[in-house]
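Undergrad: Next one to model:
(one chain, ligands or ions: 2)
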Amino acid sequence: MEKVIFLEEGADLDALSSAYGLLLIYPESSIFKPKHLSRRASEVFRDFRHLFRIREDLPQEFDLILADTHHYEVYLEEFKGKVKDIIIYDHHPAHMAGVKGKVQQVGSTTTLVVEELMERNMDISPVSATLLSFGIYEDTGFLSYEGTTSRDARALAWLLEKGADLRIVRKYLSDTLSKEQIDMLSKHLQSIESLFFNGKKIVIATLKAEEYEPDLLRIIYDLREVRDSSALFVIVSAGYKTYVFGRSLRGELDVNKILEHFGGGGHTFASATKLEGAHAERVKSVLTSLLEGKRVALKVKEVMTSPPFVLHQDTGISDAILELSQRNFAGAPVVDDAGKLVGVIYKKSLVRALKHYPEGRVRDFMLEEFHTLTPEDFIWKAEEILSRYGEKLIPVVEGDRLVGVITRLDLLYSMRQQTAYLKAYERKIKLPPHIEEVGREIGIIAEGLGFKAYLVGGVVRDILLGKEVWDVDFVVEGDAIKVAELLAQKHKVEFHPFPEFGTAHVKVKGLKLELATTRRETYPHPGAYPLVEYASLREDLLRRDFTINAMAVSVNSQDFGTLIDYFGGLRDLKDRLIRVLHPLSFVEDPVRILRALRFAGRLGFKLSKSTERLLRSAVSLGAISSAPKGRIMNEVRLALREERFLEILELYRKYQILAEIFKGITWSPKLEKKLLRLRDIITWHKIEFPKEVMDYGWVYLLVLLEEMKEEEGMAFLRDISAPSWVRETYKIMKRGSKSTEKSLLEAKRNSEVYLSLKNKPLYFLLMLMTKENLKEKVKLYLEKLRFVKVNVEKFRGLSGRELGEAIEKEKMKIMDEALE
Ligand code: ATP
Ligand code: MG
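TA: Ligands and ions are numbered 1, 2, ... in the order given. Okay, the predicted model is just below:
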């Protein structure tokens with residue numbers, strides 16, 4: 001039987017060398033005259049044509065031989081009835097039944113052919129060996145491409161033994177560009193760019209051509225820029241089609257995995273795909289995002305609204321308008337009784353029809369000709385339809401089942417999400433285990449309800465600072481109260497909803513969780529409590545005070561742990577800076593002035609230059625005095641709880657708000673010294689008596705208010721809602737302090753010290769210690785005198801007051817005699 005070898009359109013050197021080898025293996029074969037070969041293949045073919053058996057017509061019956069292609073169906077179709085046997089040689093693995101030949105994964109098809117020559121122990125001429133070596137050299141990049149095997153090298157070794165001429169090889173395969181190639185490149189190359197991902201260089205080239213030219217690809221592969229990269233992607237836009245080729249040059253990147261997103265196929269080291277209707281630049285940006293490891297919505301199923309809202313074809317016009325208006329939809333797919341998709345209706349046409357045909361039904365005005373998509377279509381197909389045909393809505397069908405709709409809004413939303421992500425500084429962070437656990441739970445619950453959830457605000461800042469956190473804030477793009485309720489149910493704990501704020505509190509495993517619906521806040525007037533409306537995460541973050549407090553971390557399973565940082569919070573955290581999100585921030589809410597100083601004091605951070613300037617000007621505009629006193633006092637209370645309250649106080653003074661907050665106090669070096677002494681005393685107390693640790697802030701406050709008139713000080717304490725014992729202490733301080741001080745000063749014996757300090761509040765005692773001349777005596781009392789114990793056995797028979805007095809007497813005796 002005669003055998004005919006076919007070379008595919010655009011066949012390369014590997015195909016040509018293979019075909020040549022097959023002529024040697026099958027003496028009864030010839031090559032059907034090839035139409036169009038790649039540049040190198042055609043150069044070789046031109047110069048060595050005399051060595052090839054070529055035929056221009058086909059016999060009645062023949063065996064079909066293909067090299068470097070397995071698309072034999074096309075030929076079968078074309079030569080129906082003529083083809084007897086099919087023989088295929090190819091190095092791209094494929095499953096083919098009932099086919100002869102050799103299909104195995106090696107570096108080149110020529111290798112497979114040469115191996116057969118070797119098996120047959122064929123004696124070939126040096127010219128034949130040279131011709132055969134072309135295919136192996138080219139497809140393995142001189143044995144350097146990924147995918148090269150030892151079999152390729154062995155085949156080549158055999159060819160060299162047979163006298164393959166390296167000089168000729170170099171002549172045809174040399175990689176400096178010829179003038180023709182340079183011209184070709186400059187005509188078609190749109191851009192070539194080297195990008196680095198995880199330290200790997202990846203080249204992306206975009207080309208424009210009338211039609212797909214395999215030569216172009218070869219030239220690009222040969223560029224020096226490409227040769228030292230890890231992988232190469234070539235995007236060729238040819239008319240309405242866009243081809244994407246991927247080639248891994250060092251096996252560090254699975255190009256197939258990347259191109260699979262585009263529906264491509266091939267090996268891990270060489271892959272290609274053909275797209276319709278996608279713009280090359282668009283493909284490039286998607287490719288870049290994929291290489292960066294981002295999730296990019298590419299398929300209709302990823303952005304469609306599902307399940308779709310539909311109208312029945314017999315619905316009356318006015319009902320249909322009402323239904324659409326309530327949902328704020330521009331249109332809807334129309335279905336019949338069986339739920340089959342029969343049309344698309346737009347509100348616009350219904351509204352127009354209403355005037356003239358108030359009794360009409362949806363079916364009378366729907367479009368019966370419209371585009372549909374399948375869930376697996378690429379979204380650029382949807383974009384194309386929506387933009388080119390002016391449609392607003394495309395039904396998505398799976399077989400004849402309607403599964404969703406795509407609207408312009410869906411597309412816009414998906415794009416906005418992509419660009420928003422691009423802007424945000426994105427990285428994954430590791431959450432502490434107890435927060436990770438509850439975060440994942442919240443993420444899953446939110447997802448089940450179709451919402452998204454994020455860890456947000458101060459807790460993100462503290463996690464990044466490596467601090468321990470127990471108060472944990474989440475926001476939910478959706479109904480936070482519902483999420484909190486399900487979480488509470490899961491853990492069988494109580495939950496406390498605040499519907500008017502869209503928030504809820506839940507306590508889970510010692511963590512205090514607050515879940516809030518993402519919201520936008522507007523301030524009706526400076527300093528007032530804000531008005532609240534629901535909004536996106538970005539807007540929720542935008543309403544916050546400082547960049548370091550305006551970060552979020554996703555707890556949704558698809559991107560769990562991703563830091564969302566629109567405003568550069570992470571950078572400011574590293575630079576130790578407090579920075580407002582916008583210039584009007586302090587004017588809008590003057591409480592932020594105090595918050596800025598509180599965080600600066602607590603963390604030892606500075607204000608950014610512009611923030612400092614904005615803060616000063618807000619202060620000089622009188623922002624503090626125009627703010628509601630309650631909110632200011634609330635903030636001062638928070639400052640009092642801070643370990644580094646003194647630093648904060650120092651900042652209050654530096655930015656000239658101290659006098660405005662503590663009206664009536666005057667700062668003096670003396671006061672400052674006293675406060676510094678108090679700090680040492682507090683440190684001492686904390687270490688000596690860890691069980692007595694308390695809110696030391698109030699002691700500082702008492703020292704601050706000491707010099708004030710009693711009524712003023714009391715008024716301040718009332719404003720700041722100080723606890724009653726603080727107010728009691730203040731009274732004692734104002735009224736009894738002088739006499740206590742006097743008796744203490746005069747006290748000679750331990751018992752006298754004891755008597756003057758007995759039953760006085762601890763706060764008061766710490767305050768007294770700030771006076772140099774009393775310090776040691778108070779210390780003695782706190783360390784020893786107050787702990788003196790007596791043996792009660794001695795006073796058997798006594799009771800009540802008598803007993804009490806006896807004990808006290810005995811204590812003082814012990815103090816004076818035994819304690820010295
Ligand atoms: P702390 O560790 O003191 O609790 P925090 O940052 O958690 O610090 P909160 O007062 O608990 O502060 O507030 C939670 C979050 O709410 C803040 O991180 C911030 O994003 C935001 N926030 C609080 N107060 C304001 C305000 N006045 N203006 C803007 N955003 C605010
Ligand atoms: Mg907090």
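Undergrad: Going by C-alpha atoms from here, please, whenever you check contacts or count neighbours.
TA: Noted.
Undergrad: Could you measure from the spatially most central residue of the chain over to residue 428?
TA: The centre of the chain sits closest to residue 562, judged by Cα atoms, centre = their mean, with a distance of 4.0 Å. If you measure residue 562 against residue 428 using Cα to Cα, to the nearest Å, the figure is 4 Å.
Undergrad: can you tell me the helix or strand for residue 375?
TA: Taking DSSP states H and E as the criterion, no element holds residue 375; it sits outside all helices and strands.
Undergrad: Work out for me the element the residue lying closest to it once chain neighbours are set aside sits within.
TA: Closest residue to residue 375 apart from its sequence neighbours, by Cα to Cα, 6 or more residues apart in numbering: residue 301 at 4.3 Å. Here residue 301 sits within helix 300-303, counting by DSSP H and E.
Undergrad: Tell me which strands the following helix or strand past that helix pairs with, and in which orientation.
TA: If you walk from helix 300-303 toward the C-terminus, the next helix or strand you reach (DSSP H and E) is strand 311-312. Strand 311-312 pairs in its sheet with strand 331-335 (parallel), by DSSP bridges.
Undergrad: And the strand it pairs with, how far out from the chain middle?
TA: 36 Å (Cα atoms, centre = their mean, to the nearest Å).
Undergrad: try stretch 129-138
TA: Distance of stretch 129-138 from its chain centroid, counting by Cα atoms, centre = their mean, is 49 Å.
Undergrad: Mind listing what's buried along that stretch?
TA: Along stretch 129-138, these residues count as buried under the neighbour rule (16 or more other Cα atoms under 10 Å): 129-138.
Undergrad: Same question for stretch 284-291.
TA: Going by 16+ other Cα under 10 Å, stretch 284-291 has these buried residues: 284, 286-288, 290-291.
Undergrad: which among the residues you listed gets closest to residue 99?
TA: Nearest to residue 99, judged by Cα to Cα, of the buried residues of stretch 284-291 is residue 287 at 37.1 Å.
Undergrad: check contacts around the closest one.
TA: residue 258 (Cα atoms under 8 Å, 6 or more residues apart in numbering).
Undergrad: Quick check: the residue nearest to residue 375 vs residue 34, distance?
TA: Relative to residue 34, and taking Cα to Cα, residue 301 is found at 43 Å.
Undergrad: Stretch 224-233: end-to-end distance?
TA: Stretch 224-233 stretches 15 Å from its first residue to its last (Cα to Cα).
Undergrad: Just want the phi and psi numbers for residue 516.
TA: phi -130, psi 150 (degrees, to the nearest 10).
Undergrad: So for it, what's the nearest residue that isn't a sequence neighbour?
TA: Leaving aside its sequence neighbours, residue 516 sits nearest to residue 503 (Cα to Cα, 6+ apart; 4.2 Å).
Undergrad: Tally up the residues packed near the closest residue to ligand 1 within the stretch 701-820 of the chain, please.
TA: Going by Cα to the nearest ligand atom, ligand 1 is nearest to residue 720 of the stretch 701-820 of the chain, at 16.7 Å. The number of residues packed near residue 720 is 18, by other Cα atoms under 10 Å.
Undergrad: now it: how far from residue 632?
TA: Counting by Cα to Cα, the gap from residue 720 to residue 632 is 9 Å.
Undergrad: With residue 369 instead?
TA: Taken as Cα to Cα, the span from residue 369 to residue 632 is 64 Å.
Undergrad: Noted, bye for now.
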